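Enquirer: Sharing a model that was predicted from the sequence below.
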Amino acid sequence: MINLINENIAGPAANSELTNPVILASDSVKLLTERLGDEYAAHYFYNSAANWCAGAGYLKAAAFFTAEAAAELEHAQKLQKYMVDWNVLPVIPKVDTHHDFGTLPGIIDGAYKIEYALFQKYVQNSQALFSSDLATFDFLKKFRKIQTESVAEYSDLLNALQLIDIDKRLDLLHFEEMYLA
């Protein structure tokens, strides 16, 4: 009995008998690669925003955007791991790494636009994959949830900015203390 089990564990005798693992469909790889680029672009946007905020004296906002940059990098890493798990070597697209900022409200407005656009892309990708790749559709569920939460968060920040005079530094410092701490 033990010999029989050991023979079954050993598997096929020759490599030619090994099963080739399934590779993620090229349409799925294309969509995931595009989102990978978007996640890295968001990472660099938030990293630049954190640097600008630190230089402008918005230290709480700098910490907030540093955390946002880390989250975006984590999202990119999850996308890459998923592709590798499906036997695809991810290609990281080139993205813009330089951003110029003028105001804290401008950064928040830009962040909202990035998050909403990414939300729309994940929804569109999910719709496209529903009939062709349910595993990737299911994988993207967590990204749709993350983007929904991010859109709501930045929407709340934009709404809060409507309550203050964004041209007054004291109002912005109060806003930072209340919403970005």
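Expert: Alright, I've got the coordinates.
Enquirer: Within the helices and strands, which one has residue 71?
Expert: helix 59-85 (DSSP states H and E).
Enquirer: Could you check how far that helix is from the centre of its chain?
Expert: Remark: helix 59-85 is offset 6 Å from the chain centroid, using C-alpha atoms, centre = their mean, to the nearest Å.
Enquirer: how about the helix or strand following that helix: buried residues?
Expert: Counting by DSSP H and E, the next helix or strand C-terminal to helix 59-85 is helix 104-130. Within helix 104-130, the residues that count as buried by 16 or more other C-beta atoms under 10 Å are 104-105, 107-108, 110-112, 114-115, 118-119, 121-122, 125-126, 129. Yep, even glycine has a C-beta here, placed from its N, CA and C like the rest.
Enquirer: And those, which is closest to residue 153?
Expert: residue 115 (7.9 Å; C-beta to C-beta).
Enquirer: Chain neighbours aside, what residue packs nearest to that closest one?
Expert: Spatial nearest neighbour of residue 115, chain neighbours left out: residue 150 (4.2 Å); criterion: C-beta to C-beta, 6 or more residues apart in numbering.
Enquirer: How about residue 68?
Expert: Computed as C-beta to C-beta, 6+ apart, the closest residue to residue 68 that is not its neighbour in sequence is residue 46, at 4.1 Å.
Enquirer: cool, and residue 117?
Expert: residue 38 (7.8 Å).
Enquirer: Now do the same contact list for that neighbour.
Expert: Listed by C-beta atoms under 8 Å, 6 or more residues apart in numbering, the contact partners of residue 38 are 117, 118, 121.
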